[in-house]
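**Q** Next one to model:
(chains A and B)
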Amino acid sequence: MPQPVITARNLTKKYGDFTAVDGIDFDVAPGESFGLLGPNGAGKSTTMRMVGAVSTRTAGDLEILGLDPNDHGPDIRSQLGVVPQQDNLDQELRVRDNLLVYGRYFGLPRSVIAERADALLEFAQLADRTKAKVDDLSGGMKRRLTIARALINEPRILLLDEPTTGLDPQARHILWDRLFRLKEQGTTLVLTTHYMDEAEQLCDRLVVVDKGRIMAEGSPAALIREYSSKEVLEVRFGSDRNAEAAERLQGIGERLEVLPDRILVYSGNGEAELERITQLGLHPITSLVRRSSLEDVFLRLTGRSLIE
Amino acid sequence: MTATDRAAPTAGAQREDARRALAAGEAPRRWGSWYIAEHRIRAMKGYAGDALFQSFGNPLIYLFALGVGLASLVPQGVEGVSYLQFVAPALMAAAAMTVTANETSYPILLGFKWNPIFFGMNASPITGAQIVNGMFIHIALRTVVTVAIYCGIIALFGAITSPLGWLAILAASMTGLAIGAAISSYTSTITEDRGQMAMLQRFGITPLFLFSGTFFPLEQLPVFLQPIGWISPLWHGTELGRVLTYGMDEPAWLTATHVGYLVTLFAVGLWATRRHFTRRLDK
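**A** This is a model prediction of the structure:
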């Protein structure tokens, strides 16, 4: 494996008595697309800020591009592109001006910035909105502009904190497409998300985090193989009969997960399990056989759902 | 293959990464404050009209109302000069204060909270201290321009008699910057807007404007109220302006005190603001 661009060992961040990040270890290889998957409050954003060299760690070791952020914050940040969870574009400036001033922060010559700004606006599909006010852009457009801004310095590593949270499905797909292109061009991506489909689409490798700790690590497919079955049968009996039905389902499938509104039956063959349930004289109101996802992995690891 | 053979090329690659980062970080480390100033000046496009009107409109209105209107009630003048001459340096310093108070109140709350651009700046190589420096470079420019226009208009009204009169531009600007730095050291700590800005205006700026020997000599106030003037940067700035514009008679040590007070307030305010920014961005 080539020398990692990010190395974290026992990385810890505390706020008073509260431990936001509790001694995590990970490496990110150049060109890799690495994800942190976990629910809100898992410590993902805090980890991202430490990797972004803006938040001082409480303990542990952290190296980005071979440099310690405690000593080389500005140098490290010169090589990063950051897409924060909350848009922080300057609303007093027009769309293109946001890129122009941001490029200057890296000490780039104005002519280089102007050239890149035009290319990036094209890439972000905002070429016809260059003079628009930031406030007049849709949520998806603002995100794309933020990504364009993060690319103005041609970063070695692009950090994306919940890049598609709050976007409608169409806007998310446009964004995923853009990020996929960057990945193809060899940009190292580090992203946090609580959307399992996003993690599956974009990440080569990911860690599942909960309460500041890493619960599991691997590629999306490997994690699913390791922590879940091939298929999942979801059955609903109505919320008042759910618990009672769950009791009678014991022994069916490899494993059961009882949620307040439905029961998940983990199995290599969902249809066969459904038949067994019917033979028991149980008749679910609805049933659905699907492939296992990272959501199931998370449920298995933490006993909780990703989106609560 | 030995362990050293394996380690050598990767360590080399690592050094190359680091070397590139260190080289790219050099310009922002040196010039970052100026990049921020450039940003703030560019952002002025949005309110340039207002700013310019403020710079030309306010002096004309105040000078007519006070220097011409009110002055007719004080035909004997104040402390041996015309009322216009007396009040003009105070108005200049107050104008500087208005600009800096504006720039160091809402824009700081805005940058941390409602439109958190400071976090965006800090995600680049720019540091918290550089953001503050850059803001103050911009504020200083705006203040000097505003005060210089004011000074020009005052000169046209014939209220500047000393050849050192133009130095009053520096005195007034320094007054504004000292007050601005004090305000920003406070506003940079505000995390929830509970109307502190209105309070600041009501119990800070307005009393300063009225009781700093602006419209009448401080000695006119009851003795127990005079200390308000002594701690008021506006009073120090105004007195300094009077020395410079019409050669008001005061001991040299007092003039030195005015300068020292303003410079110290500015330095301490700036230091505290930078500290607050740095801490707040590192969360």
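**Q** For the stretch 151-283 of chain B, which residues are neighbours of chain A?
**A** B:L281, B:D282, B:K283 (C-beta under 8 Å from any C-beta of the partner chain). For glycine as for every other residue, the C-beta is placed from the backbone atoms N, C-alpha and C.
**Q** most surrounded residue in the residues you listed?
**A** B:L281 (22 neighbours; other C-beta atoms under 10 Å in any protein chain shown).
**Q** List the contacts of that one.
**A** A:V54, B:F118, B:F119, B:N122, B:G128 (C-beta atoms under 8 Å, 6 or more residues apart in numbering or on different chains).
**Q** swap in B:I154?
**A** With C-beta under 8 Å, 6+ apart, B:I154 has these contacts: B:P59, B:L63, B:A88, B:L91, B:M92, B:I160, B:T245.
**Q** Which ones among these lie within helices?
**A** B:P59, B:A88, B:L91, B:M92, B:T245 (DSSP state H).
**Q** partner residues bridging the residue nearest the centre of chain A?
**A** The centroid of chain A falls nearest to A:T193 when counting by C-alpha atoms, centre = their mean (2.4 Å). Beta bridges link A:T193 to A:L37 when assigned by DSSP bridges.
**Q** Could I get the pLDDT score of it?
**A** A:T193 is assigned a predicted lDDT (pLDDT) of 89.
**Q** element containing whatever residue of the stretch 101-250 of chain A ends up closest to chain B, please.
**A** With C-beta to the nearest C-beta, the shortest gap between the stretch 101-250 of chain A and chain B falls at A:G107, namely 2.9 Å. Here A:G107 is covered by no helix or strand, with elements defined by DSSP states H and E.
**Q** Name the spans of the chain whose pLDDT lies under the cut-off.
**A** If you meant another chain, say so; for now it's chain A. Along chain A, the model assigns pLDDT under 70 to residues A:1, A:305-308.
**Q** that's the wrong chain, I wanted chain B
**A** Looking at chain B by pLDDT under 70, you get B:1-14.
**Q** now do 90
**A** Scanning chain B for pLDDT under 90 picks out the ranges B:1-17, B:44-80, B:157-165, B:193, B:197, B:201-203, B:206-216, B:218-230, B:283.
**Q** Show me what the longest helix along it is packed up against.
**A** Assignment by DSSP H gives helix B:3-43 as the longest helix of chain B. Judged by 3 or more C-beta pairs under 8 Å, 6 or more residues apart in numbering or on different chains; DSSP states H and E, helix B:3-43 is in contact with helix A:69-77, helix A:95-105, helix B:128-156.
**Q** give the contact list for the residue nearest to the centre of chain A.
**A** Contacts of A:T193 (C-beta under 8 Å, 6+ apart): A:G35, A:L36, A:L37, A:E162, A:P163, A:T164, A:T165, A:A199.
**Q** Switch the residues you listed over to CSV; also include distance to A:V134 and secondary structure.
**A** Formatted as CSV, the contacts of A:T193 follow (distance: C-beta to C-beta, whole Å; DSSP: H, G, I helix; E, B strand; the rest coil):
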residue, distance to A:V134, secondary structure
A:G35, 28, strand
A:L36, 28, strand
A:L37, 30, strand
A:E162, 19, coil
A:P163, 18, coil
A:T164, 19, coil
A:T165, 19, coil
A:A199, 29, helix
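**Q** for chain B, what are the nearby residues on chain A?
**A** A:2-3, A:5, A:49, A:52, A:54-56, A:65-67, A:72-80, A:82, A:84, A:86, A:88-93, A:97, A:100-102, A:104-107, A:149, A:153, A:156.
**Q** still on that earlier bit, save the ones in helices among the contacts of B:I154 as a markdown table, and put in neighbour count too.
**A** Below are the ones in helices among the contacts of B:I154 laid out as a markdown table (neighbours: other C-beta atoms under 10 Å in any protein chain shown):
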| residue | neighbour count |
| --- | --- |
| B:P59 | 25 |
| B:A88 | 33 |
| B:L91 | 26 |
| B:M92 | 31 |
| B:T245 | 28 |
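**Q** Closest to the centroid, which residue in chain B?
**A** For chain B, by C-alpha atoms, centre = their mean, the most central residue is B:L177; offset 2.6 Å.
**Q** how close does that one get to B:E192?
**A** 27 Å (C-beta to C-beta, to the nearest Å).
**Q** still on that earlier bit, where's the residue nearest to the centre of chain B relative to B:L63, distance?
**A** 23 Å.
**Q** One more: B:H236?
**A** Distance from B:H236 to B:L63, by C-beta to C-beta: 22 Å.
**Q** Those two: who's more crowded?
**A** Between B:H236 and B:L63, counting by other C-beta under 10 Å, B:H236 is the more crowded of the two (28 against 22).
**Q** Highest neighbour count among the contacts of A:T193?
**A** Of the contacts of A:T193, with other C-beta under 10 Å as the count, A:L37 tops at 30 neighbours.
**Q** tell me the contacts of it?
**A** Going by C-beta under 8 Å, 6+ apart, the list of residues near A:L37 reads A:192-194, A:196, A:199, A:203, A:206-209, A:294, A:298, A:306.
**Q** Could you dump the residues you listed into CSV and include distance to A:G139?
**A** Output for the contacts of A:L37, formatted as CSV (distance: C-beta to C-beta, whole Å):
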residue, distance to A:G139
A:T192, 18
A:T193, 16
A:H194, 17
A:M196, 21
A:A199, 21
A:C203, 23
A:L206, 25
A:V207, 28
A:V208, 27
A:V209, 26
A:L294, 24
A:F298, 26
A:L306, 21
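**Q** Which of the residues you listed sits closest to B:P227?
**A** Using C-beta to C-beta, A:T192 is the member of the contacts of A:L37 that lies nearest B:P227, at 55.3 Å.
**Q** and the next element down the chain from the helix or strand where A:A114 lies?
**A** Per DSSP H and E, A:A114 falls inside helix A:110-123. Next helix or strand after helix A:110-123 toward the C-terminus (DSSP H and E): helix A:139-150.
**Q** Quick one: list the elements packing against that next one.
**A** Secondary elements touching helix A:139-150 (3+ C-beta pairs under 8 Å, 6+ apart): strand A:80-83, helix A:95-105, helix A:110-123, strand A:157-161, helix A:169-184.
**Q** Could I get the buried residue list for that helix?
**A** A:G140, A:M141, A:K142, A:R143, A:R144, A:L145, A:T146, A:I147, A:A148, A:R149, A:A150 (16 or more other C-beta atoms under 10 Å in any protein chain shown).
**Q** CA atoms only: put that helix into PDB for me.
**A** C-alpha atoms of helix A:139-150 as PDB (Å, rounded to 0.1, in the frame of the first residue of the first chain):
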ATOM      1  CA  GLY A 139     -29.800  24.100  -1.900                       C
ATOM      2  CA  GLY A 140     -28.300  21.700  -4.500                       C
ATOM      3  CA  MET A 141     -26.700  24.600  -6.400                       C
ATOM      4  CA  LYS A 142     -25.200  26.000  -3.200                       C
ATOM      5  CA  ARG A 143     -23.700  22.600  -2.400                       C
ATOM      6  CA  ARG A 144     -22.200  22.400  -5.900                       C
ATOM      7  CA  LEU A 145     -20.800  25.900  -5.500                       C
ATOM      8  CA  THR A 146     -19.300  24.900  -2.200                       C
ATOM      9  CA  ILE A 147     -17.700  21.900  -3.900                       C
ATOM     10  CA  ALA A 148     -16.400  24.100  -6.700                       C
ATOM     11  CA  ARG A 149     -14.900  26.500  -4.100                       C
ATOM     12  CA  ALA A 150     -13.300  23.500  -2.300                       C
END
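**Q** how far does that helix sit from the chain's center?
**A** 17 Å (C-alpha atoms, centre = their mean, to the nearest Å).
**Q** which residues sit against that helix?
**A** Residues from elsewhere that reach helix A:139-150 (C-beta under 8 Å, 6+ apart): A:81-84, A:87-89, A:95, A:98-99, A:102, A:117, A:120-121, A:123-126, A:129, A:134, A:137, A:158-160, A:163-164, A:166-168, A:170-172, A:174-175, A:178-179, B:120.
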